[in-house]
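Undergrad: using only what follows, build the 3D model:
(chains A and B)
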Amino acid sequence: MITLTHYLVLAAILFSIALVGILRRKNLLMLFFATEIALNAVNIAFSAISKYYGDLTGQLFAFFIVAIAASEVAVGLGLLIIWYKRRGTIDLDSLQSMNG
Amino acid sequence: MVEAVAFYLFAALTIAMFAITVMSKNVLYSMSSLAAGMIFISAFFFLLDADFLGVVQIIVYSGAVMALYAFGMMFFDATKDVKEKNPSKKIVFFLSGMIALLLVIILLSPIISEKVKALYPMSEEVGNAEAVGVVLFTKYLVPFEVAAIMLLVAMIAGIILASKRMDESITLKIDQEIEKEQKGEL
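TA: As a prediction, the model looks like this:
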């Protein structure tokens, strides 16, 4: 029998994978991928809670998260393309141009 | 029984795919496994009786977001491996492990659910998509419209950012101007 805890632990594991990605990657595109994973983990947790409490609000929150993720990708990828055209790299260390 | 088998199968597949995404050095492999993981995640939504959310997950993530990444990849050199210097892997893995442990402990602790009352209870008579639509267009109408405006703003921003004077390479010119300025100052 699959309970709410199963789904929450799965969401926690996926979120931790995303955290590992955010902490260890230096490539900005890979950081974006890790962010997507984190958002998806939260979506699973929301819909699981929505089912086990019999309340639709969790699913609606997941919808808005999907919308936010889509707009984040559109704007972020545009900025990333401009940065790559300018510097020829999307490494995180190349962003340190304001150090006096 | 079927639910348990499906849950564990898709959990293993999703974790494996996302682990590849995080650990892979090649951007293309990483993106492909991310797309696969998104599809597998939609299986959880179907298991959780959130049919509409599952369909949206497939359409939006695998259709729109991954296609956007794939087209954005044309601007980057995706064939060469990502070179990254990680000064201390031990600290990173220790921190992530501790955060993961903390998360699991928090989620495993008993949830105080006695006082939670369902505001919009799921009914057996109507389907999931219909119920979601009813709640979305009554209680959450204003956030829905705001989200629509946000998506419009994001679309315009993406178009302008990615395609502004694509033919004449503004970026190189700006770099040259910066170099000239620096030389002039020095």
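
Undergrad: pLDDT at the residue minimising distance to the centre of chain B, what is it?
TA: For chain B, B:Y61 is the residue whose C-alpha lies nearest the centre (Cα atoms, centre = their mean; 7.2 Å). Per-residue confidence at B:Y61 stands at 87 (pLDDT).

Undergrad: how far is the helix or strand where B:Y29 lies from where the chain is centred?
TA: Element membership for B:Y29 (DSSP states H and E) is helix B:27-47. Centroid separation for helix B:27-47 versus its chain: 10 Å, with Cα atoms, centre = their mean, to the nearest Å.

Undergrad: show me what it packs onto, helices and strands only.
TA: When contacts are defined as 3 or more Cβ pairs under 8 Å, 6 or more residues apart in numbering or on different chains; DSSP states H and E, helix B:27-47 sits against helix A:28-52, helix B:2-23, helix B:51-56, helix B:66-72. For every residue, glycine as well, the C-beta is placed using N, CA and C.

Undergrad: pull out the buried residues from that helix.
TA: Neighbour-count burial for helix B:27-47 flags B:27, B:30-47 (criterion: 16 or more other Cβ atoms under 10 Å in any protein chain shown).

Undergrad: please tell me I have it right and the residue nearest to the centre of chain B contacts B:M38.
TA: Yes: between B:Y61 and B:M38 there is a contact under Cβ atoms under 8 Å: 4.1 Å.

Undergrad: can you pull the residues that touch both of these two?
TA: Shared contacts of B:Y61 and B:M38, defined by Cβ atoms under 8 Å, 6 or more residues apart in numbering or on different chains, comprise A:E36, A:N40.

Undergrad: number of nearby residues for residue 63?
TA: Using chain A. The number of residues packed near A:F63 is 24, by other Cβ atoms under 10 Å in any protein chain shown.

Undergrad: can you look at chain B instead?
TA: When neighbours are defined as other Cβ under 10 Å, B:G63 has 14 of them.
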